[in-house]
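Colleague: what's the 3D shape of this:
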Amino acid sequence: ALWYINLQPKLKTLARVTQSEEYLDAGGTLAVEQWRKLIDVVARRGFSANYQASWWLKKLRINLSQSQLGFRVTSVISQPFAVFDGMAAAQTSWGPKATAEVMKEFLQSWIRPGYSGDIIKNSPALSQRQGGELAITESLEGLTEAKTWYDKTYRKFVRASFAPLQKADVKTAAGVQQGIQNILEKEGIKNAKEEAEFFMNMVSASSNVTLRPTILATGDLARLWFTFQTFVMNRWGVIWE
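Modeller: Sure thing, here's the model as predicted:
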């Protein structure tokens, strides 16, 4: 409902403009086609009209994600480095002092006991993020119903494998978000918290449908092919945006 209320009016406006004869004359067929694809993907929440679904390819991708992320030390260690994306974006908009503010809050979220927990508790976006990134969420949702002892054991094993990654991820995101919120409050922005939550998702989360290459909206084969490139593509998306 929130998706429809907030995005549908904007999509209709964009469609009227970008599909008009005047826009075609000014922007050309390439620009019109790019907007058509983007609007189609966003309107369908990440799936194009000709999305090629495949159950077994999706299952294979989820299994690959589990092997790549679960109980993998390098994946956990890489999470704090996402702060540099937030620092870079903050410096672009607000200068070097903003970079220092983001780093300060990031360090506190990792060093001070309970500090990140308070930030997460007061943020709907971070509270929801505790459930995990897109790859983690899909992996957990793809687990079979726990009917036998094997299913129950396997579910516990998978959930436990993602726990360190989830904790490292949300701690980093909390520091980035709080740093940006502090900056926006100093700038006198009224809805600083909401803006900071959006900023956090843009630079420190899996790509939203508007920020990732549209090839990922074409089908499960494309998503499987790029499974190991999600972090790099998120960087591309942020740069492009």
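Colleague: Thought Val176 was touching Lys104, still the case?
Modeller: No - applying Cβ atoms under 8 Å as the test, Lys104 and Val176 come out as separate, 11.3 Å apart. Backbone N, C-alpha and C define where each C-beta goes, glycine included.
Colleague: Out of those two, name the residue with the larger neighbour count.
Modeller: In this view Lys104 and Val176 are compared by other Cβ atoms under 10 Å, and Val176 has more residues nearby, 29 against 14.
Colleague: How about the contacts made by the more buried one?
Modeller: Neighbouring residues of Val176 by Cβ atoms under 8 Å, 6 or more residues apart in numbering: 82-83, 86, 102, 105-106, 199-200, 203-204.
Colleague: same check, this time on Val32
Modeller: With Cβ under 8 Å, 6+ apart, Val32 has these contacts: 18-19, 23-24.
Colleague: 6 Å instead, please
Modeller: Contacts for Val32 (Cβ atoms under 6 Å, 6 or more residues apart in numbering) come out as Leu24.
Colleague: hang on, the earlier thing: helices - which of the contacts of Val176 land there?
Modeller: 83, 86, 102, 105-106, 199-200, 203-204 (DSSP state H).
Colleague: most neighbours, which of those residues?
Modeller: Most surrounded of the ones in helices among the contacts of Val176: other Cβ under 10 Å gives Val102, at 29 neighbours.
Colleague: How confident was the prediction at that residue?
Modeller: pLDDT for Val102: 96.
Colleague: Cheers, nothing more for now.
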